[in-house]
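>>> Predicted model and sequence follow; I will ask about them next.
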Amino acid sequence: MQRPAHRFRLSILAVFAFIAACITVNIYFPAAKVEKTAEKIVDEVYQEKKVPAPADQKEKPQSLNDGGVSDVVVRLARLGPAPAWAEEATTVSNASIRALKDQIGGRHQELLPFYQQGKVGITKDGFLEVRGTEGLALPQVATLKRLVDADNAARRQLYEEVAKALNLKPEQVPQVRQIFAKQWRDKAQSGWWVQADSGQWTRK
């Protein structure tokens, strides 16, 4: 008489174990890796163009032995961990992601005057929004709207590509988007409009 009840309890436990396993798989999200990726991409988009180092500075590393440094020390230094390797281990990238980042970076230079004039802002979802067109000529208004539409399309695709590269599910793309949104807003320059998670707009 106890065997059917025992089997029933085992079946119930098996069902709960299966559900728990599914939930564990569904909630997995590499937040740290996405955050590092977002930080790197946003930094590269926002950064100013770097001035190339003078030729004499570039040649200095090749003349280490001239200063009396032994070959052993040089070889040991080369065996040390390379920063690029550490970076690659915590970020994700591929040809599509790099191309989208370059598109957004190039367009960012055209959008800079509009950011500074307060004509465009960064939304809580990681996109751009036209904040006003007062004082702009019709050609400038058309340019602003074209840039914002193109940038939002590239950003949407970027978030999806990052999710794909990490083998995430489509329903996890909003999480990627939110992490990028925080980076875009946190690293925005003084005077730019940003939207808080509550929906309220403020000027940094």
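Received the coordinates, thanks.

>>> Mind naming the longest helix for the protein?
Identified as the longest helix of the chain according to DSSP state H is helix 138-165.

>>> tell me which residues in that one are buried?
With burial defined by 16 or more other CB atoms under 10 Å, the residues of helix 138-165 counted as buried are 144, 147-148, 151-152, 154-165. For the C-beta atoms, the positions are set from N, CA and C on the backbone; glycine is no exception.

>>> Test my guess that Thr133 contacts Lys119.
Yes. If you go by CB atoms under 8 Å, Thr133 and Lys119 touch, sitting 6.6 Å apart.

>>> Need the overlap of contacts for these two.
Taking CB atoms under 8 Å, 6 or more residues apart in numbering as the contact rule, Thr133 and Lys119 both touch Leu144.

>>> sorry, back to before: I'd like the next helix or strand past the longest helix of the chain.
Later in the chain than helix 138-165, the nearest helix or strand by DSSP states H and E is helix 173-186.

>>> Give the rounded mean pLDDT of that next one.
Across helix 173-186, pLDDT averages out at 98.

>>> what's in contact with it?
Everything outside helix 173-186 that qualifies as a contact, by CB under 8 Å, 6+ apart, is 29, 31, 34-35, 38-39, 41-42, 122-126, 155, 158-160, 162-163, 168, 194-195.

>>> cool, stretch 118-125 as well?
Contacts for stretch 118-125 (CB under 8 Å, 6+ apart): 111, 114, 128-133, 136, 144, 148, 177-178, 181, 184-185, 188, 191-197, 199, 201, 203.

>>> Mind checking which of those land in helices?
Per DSSP H, the subset of the contacts of stretch 118-125 in helices is Leu111, Phe114, Leu144, Val148, Arg177, Gln178, Ala181, Trp184, Arg185.

>>> From what I see, the first one and Asp149 are in contact.
Translated: Leu111. No. Contact between Leu111 and Asp149 fails when scored by CB under 8 Å: they sit 11.8 Å apart.

>>> number of nearby residues for Met136?
For the record, residue 136 is Leu, not Met. By other CB atoms under 10 Å, 15 other residues sit near Leu136.

>>> That one: what's it in contact with?
Here Leu136 is in contact with Lys119, Leu144 (CB under 8 Å, 6+ apart).

>>> One more: Gly199?
Per CB under 8 Å, 6+ apart, neighbours of Gly199: Lys124.

>>> What pLDDT is listed against it?
The predicted local confidence for Gly199 is 96.

>>> How many residues are close by Ala137?
Ala137, neighbours per other CB under 10 Å, totals 9.

>>> and the gap between it and Trp201?
25 Å (CB to CB, to the nearest Å).

>>> so how far does stretch 179-195 reach from one end to the other?
Stretch 179-195 has an end-to-end distance of 14 Å (CA to CA, to the nearest Å).

>>> List the buried residues in it.
179-185, 187-188, 192-195.
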